[in-house]
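A.B. asks: Sequence first, then the predicted structure, then my questions.
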Amino acid sequence: MNSKCCAGHTAAQGRDATPSALVHLDFLVDDLAATEARVLKAGATKQAVQPNAEHCLVFADPVGHPFCLTTLDEIG
């Protein structure tokens, strides 16, 4: 797991207003702009803070869980 993209993120609230379990996912993509358009169309929200926007974009799903789209493959 990588937390570089989500510094300062506030945990999502569950449907009953209690904090929900937080798991951060990074998705390795080939085309950042095209994938950004797809996740926004699917209901994601682009976060205001983008620490490394050239290679990594930070979003939240409709419930508020953070995830990143990245072109950086730190493992391979």
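C.D. replies: Yep, that arrived.
A.B. asks: For the residue nearest to V29 when sequence neighbours are not counted, which phi and psi angles does the backbone take?
C.D. replies: In space, and not counting its chain neighbours, V29 is closest to T35: 4.4 Å by C-beta to C-beta, 6 or more residues apart in numbering. (Glycine included, C-beta is placed from N, CA and C.) Backbone dihedrals for T35, given as degrees, to the nearest 10, come out at phi -70, psi -40.
A.B. asks: what about T35, neighbour count?
C.D. replies: For T35, the count of nearby residues is 16 (other C-beta atoms under 10 Å).
A.B. asks: show me where pLDDT drops low in the chain?
C.D. replies: 1-22, 74-76 (pLDDT under 70).
A.B. asks: again, only using 90
C.D. replies: The model of the chain has pLDDT under 90 over residues 1-24, 63-65, 72-76.
A.B. asks: Next, the contact list for the residue nearest to V29, please.
C.D. replies: Neighbouring residues of T35 by C-beta atoms under 8 Å, 6 or more residues apart in numbering: F27, V29, L69.
A.B. asks: do you know how far it is from D73?
C.D. replies: T35 is 15 Å from D73, where distance means C-beta to C-beta, to the nearest Å.
A.B. asks: Right, I'll leave it there.
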